[in-house]
Structures are given as C-alpha cells and as structure tokens.
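**Student:** quick one: sequence plus predicted model below, questions after.
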There are 2 protein chains.
Amino acid sequence: MPDKREQIENAATDAIKKSGVRNVSFRTLAETVGVKSASVHYHFPTKSDLAVSVVDKYTLGFSEALDAIDRKHKSVSSRLMAFARIFEDTLANGELCLCGMMASEVDELDQQTKASLQRFFREAERWLVKTLESQPDEVVSPLPPNELAKILMSGLEGAILIDRAADGRARIKALKSFIRSLF
Amino acid sequence: MPDKREQIENAATDAIKKSGVRNVSFRTLAETVGVKSASVHYHFPTKSDLAVSVVDKYTLGFSEALDAIDRKHKSVSSRLMAFARIFEDTLANGELCLCGMMASEVDELDQQTKASLQRFFREAERWLVKTLESQPDEVVSPLPPNELAKILMSGLEGAILIDRAADGRARIKALKSFIRSLF
DNA sequence: GACATTGTACCTATCCGTAGATAGATTGCT
DNA sequence: AGCAATCTATCTACGGATAGGTACAATGTC
C-alpha cells in the first residue's frame, strides 16, 4: 500500500479524469482513501496544491509512457498508433485525458495549475513533432510536423471528449484512420 | 429588451461556454438579469430543465449558422473554412463551444440533457458529411466523408479546448491548414 | 359592463446539503 | 522528547430547491 499522500493523488487523478477538478471534494477524496478531510488538507493545504501535484504527476507518467513507446515501437506509424491507443484506453475507461478535462476548467484554475497544464500539452506535442521528424520520408502529408502534431493532439482530445459524451468510439476510430492515411 | 426567460437562457449560455454547467448558479444568473433566484426557478424548475433548453437553443442557432454558410458559400472548401471560423470566433471570445464544454461534464448530466447534447454532435457531423459529399471530386483525401467529418469535428473541438488553455490559437490555425490541405 | 377566477411573473424567507478551510487535540513512530 | 500524521469539531460560504405570498393582466361568466 503506497503512501496516503500518493493514494490521495491517485484518487484525485481518477476523479478528475471522470468529472473535473470542480467535482472533486476533499471529503470524497478522504473517504476514498480512508482518512478524514483534514488529513487531506495536511498533505495538500489548498485545492490548488492538489491540482498542481496531480497534473505534474500525470505529465510525468505520460512522458514515461512515451518513452516506453519509443522503446517498443520503431516505425513512426506504429508509434503514432500507440500514442492514439493511450487515448483509446482512456476512453474505454469512461475517462478523459486528465489535462483535457482540466483544460475545460481553465477559467477556474490559478496561474500555477494553468502553467503545469500548458506544460503537458507542450511536451505531448513536442514528442509528436520529434516522432514525425524522425523519419521524414515515411510520412506522406503536405503539412509540416509542427502542424500535424497539433492536429493529432487536438483531434485525439476532441475525439475522446465527444465519443464519451456520445457513448461510442467512432471518433477515436476515425482519428486512427487518419493516422494510417499518413503513411 | 427580450423576455426575462430569454435573457436567462442567454446569460446561462454565455456562462456555460466559459466555465460549464456546474459553475452556473441560479443566484448568479438571477443577478445578471436582475431578478431573484426564485424567479429563475419559476422559468426553469430544475437545473436540468435549464440545461436542456440552453442546449436545444444552441443547436438551433448553430443549425441556422450552417444554413447561412450554405447560402453565402458555394464551394466545399469555403464552406468548411466558414465552419472552422465559427470555432475560431468562439475561441476569440475566450469561450468553448457550449456542447464541447458540456461534453466534458457528461458524467453529471441527466439523460435528457445528454440526449440533446448528442443531437448537437450528430447534426453538426451530418452537415459536414453532406457538405463533403456534395462535390466528391473536389476533395482529395483517401478518407470517406463520414470519417473526415468526425476528424474535423473532433479536431476543432479539441483545438479550441487546448488553445484556450494555452492562451494561443496555434491549434485552430493548424486545423484550418488541414482543411486547406484537403483541396 | 362588472365581478370572480385563473395564470403569469415575480418576491421574501428558509431548508438542507456540501464546499473549502482551520484550530487544536491526539496518536504513534524514532 | 519531538515530529509527522491523523483526528474531532467547527466555521463560513454557497449550492439547488421549496413554501408561501403579492401584483397584475387575461379570461370567463352573469
């Protein structure tokens, strides 16, 4: 059993992916991990502290997943498909990408949390650009890697957003078709 | 000055586009239009009633905007660019598409509201398919209209979601490049 | 035309639940 | 003894929702 602190972070991550920061309460979080809400405040004095920790941890985990993709897959196309599969799995869990969800709440986030959030998208897109540039001849598209990366990221975030609301997975499938069409 | 009822709907629409249904309160809404919260409950007994009305009204307005596009633009490419511009304008206002925002809250919506929400995406994508099929030779893509429509819709929803969080408009621009690349 | 009835659109006041946050006592490990 | 982690108890705030009342216009009836 990990630290209570870590359990709280994990519970918060799950809850936020399902219904956002606003819907996560210290009380519910506390019940989930079996402590009192005051104890949650001990580890994370304010909700903002919790949000920043959760985003940073998520970004780290995402980054590690990308490293794992680089190790397991060698072609650009299989790397991109593996990238898409991360989103597909998230959708299968009835969740959104944590940062996609929090992006919808950006109006209510403080500067620190927002900065962490922006870092997530920057890093994800940076990996996509790096991947697309690694084998320039492999990709057949008139669009530069820089723009393709943003199209893919936006498309995948939007796909799970809509598919989840529509109780389907037609959009994530379409995004995978799009990736295949690039090769 | 329109009906109070309509004023309430409009105020709710604006507020939801900025920070979601959860963040809209009967009290704030009432203050915005200059009545008491009980009066808002008079027009919309529950929050769900309000949400359904707002989504349906938004869908109607969106549909009318698409009709206007059909009247003003004749080529597929200019129609799609005009479609993208709807999202671009929304982003410029610091807002999300009302239904994109509500899609992120789908866990907390009741069945009626969810059904209305799904109708919005169905209709928007139906227009895209119809538009893409209207001049099959004009579009150069190996992907079927059906999938292209979902890619475009997901991409645009995701683009404004991320761009708003990132204080930029790079992603909506990339989506417009994508549309141009289809011709 | 006059009077009673009903409906519309608001009001004041209040209920009950939940939110984030804090103070201060308690426990338990080293 | 001292520090970390947790507790109990409580505060203030705001949330949706409801009860019950008022003013006034519309409608129906004699």
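**Tutor:** Arrived safely. If you're wondering where the values come from, they're calculated on a predicted model, not measured in any experiment.
**Student:** before we move on, what SS does residue A:138 have?
**Tutor:** coil (DSSP: H, G, I helix; E, B strand; the rest coil).
**Student:** could you pull up phi and psi at it?
**Tutor:** phi -70, psi -30 (degrees, to the nearest 10).
**Student:** let me see the contact set for it.
**Tutor:** By CB atoms under 8 Å, 6 or more residues apart in numbering or on different chains, the contact set of residue A:138 is A:75-77, A:183. C-beta coordinates here come from the backbone N, C-alpha and C atoms, glycine included.
**Student:** for residue B:87, see how far away the most centrally placed residue in chain A is.
**Tutor:** Of all residues in chain A, the one closest to the mean position by CA atoms, centre = their mean is residue A:97, 3.7 Å from it. Distance, residue A:97 to residue B:87, by CB to CB, to the nearest Å: 19 Å.
**Student:** do the same with residue A:148
**Tutor:** Look at residue A:148 and residue B:87: by CB to CB, they are 19 Å apart.
**Student:** mind checking which of these two has more residues around it?
**Tutor:** Shown here are residue A:148 and residue B:87; by other CB atoms under 10 Å in any protein chain shown, residue A:148 has more neighbours (26 against 23).
**Student:** so who does that one touch?
**Tutor:** Contacts of residue A:148 (CB under 8 Å, 6+ apart): A:128, A:132, A:139, A:141, A:182, B:174.
**Student:** and the residue of chain A found nearest DNA strand C, how many residues sit next to it?
**Tutor:** Closest approach between chain A and DNA strand C, counting by CB to the nearest atom of the strand: residue A:25, at 3.2 Å. Look at residue A:25: counted by other CB under 10 Å, it has 13 neighbours.
**Student:** grab the nearest non-local neighbour of the closest residue to chain B within chain A.
**Tutor:** Closest residue of chain A to chain B, CB to the nearest CB: residue A:158 (2.9 Å). Once flanking residues are discounted, residue A:158 sits nearest to residue B:158: 2.9 Å by CB to CB, 6 or more residues apart in numbering or on different chains.
**Student:** for the one you found, give me its contacts.
**Tutor:** Counting by CB under 8 Å, 6+ apart, residue B:158 touches A:100, A:153-159, A:161, B:171.
**Student:** what does residue A:51 give?
**Tutor:** Residues near residue A:51 by CB under 8 Å, 6+ apart: A:21, A:102, A:109, A:113.
**Student:** what residues does chain A put near DNA strand D?
**Tutor:** A:4-5, A:30, A:34-39, A:42-43 (CB under 7 Å from any atom of the strand).
**Student:** out of these, who's nearest residue A:66?
**Tutor:** Distance to residue A:66 across the residues of chain A next to DNA strand D (CB to CB) is lowest for residue A:5, with 25.6 Å.
**Student:** quick check: which ranges of chain A have low pLDDT?
**Tutor:** Applying pLDDT under 70 to chain A flags the ranges A:1-2.
**Student:** for chain A, which helix is longest?
**Tutor:** In chain A, with assignment by DSSP state H, the single longest helix is helix A:47-72.
**Student:** tell me which helix or strand residue A:167 sits in.
**Tutor:** Assigned by DSSP states H and E, residue A:167 belongs to neither a helix nor a strand.
**Student:** tally of neighbours for it?
**Tutor:** Residues near residue A:167, counting by other CB under 10 Å, number 10.
**Student:** show me what contacts it?
**Tutor:** Residues in contact with residue A:167 (CB under 8 Å, 6+ apart) are residue B:118.
**Student:** so where do the helices sit in chain A?
**Tutor:** For chain A, the helices defined by DSSP H occupy A:4-19, A:26-33, A:37-43, A:47-72, A:76-92, A:98-104, A:111-134, A:145-165, A:170-181.
**Student:** reformat those helices as JSON lines; add distance to residue B:122.
**Tutor:** Formatted as JSON lines, those follow (distance: least, CB to CB, whole Å):
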{"stretch": "helix A:4-19", "distance to residue B:122": "24"}
{"stretch": "helix A:26-33", "distance to residue B:122": "34"}
{"stretch": "helix A:37-43", "distance to residue B:122": "41"}
{"stretch": "helix A:47-72", "distance to residue B:122": "31"}
{"stretch": "helix A:76-92", "distance to residue B:122": "18"}
{"stretch": "helix A:98-104", "distance to residue B:122": "21"}
{"stretch": "helix A:111-134", "distance to residue B:122": "28"}
{"stretch": "helix A:145-165", "distance to residue B:122": "10"}
{"stretch": "helix A:170-181", "distance to residue B:122": "11"}
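**Student:** residues of chain A that sit close to DNA strand C?
**Tutor:** Residues of chain A lying close to DNA strand C (CB under 7 Å from any atom of the strand) are A:24-28, A:37-38, A:41, A:45-48.
**Student:** neighbour-wise, which of those residues leads?
**Tutor:** residue A:24 (22 neighbours).
**Student:** so what's the nearest residue to it once chain neighbours are set aside up against?
**Tutor:** Ranked by CB to CB, 6+ apart and with sequence neighbours excluded, the top spatial neighbour of residue A:24 is residue A:15, at 4.6 Å. Contacts here follow CB under 8 Å, 6+ apart; on that basis residue A:15 touches A:23-24, A:28-29, A:32.
**Student:** and residue A:58, by the same measure?
**Tutor:** By CB under 8 Å, 6+ apart, the contact set of residue A:58 is A:13, A:98-99, A:120.
**Student:** same check on residue A:126?
**Tutor:** Shown in contact with residue A:126 (CB under 8 Å, 6+ apart): residue A:149.
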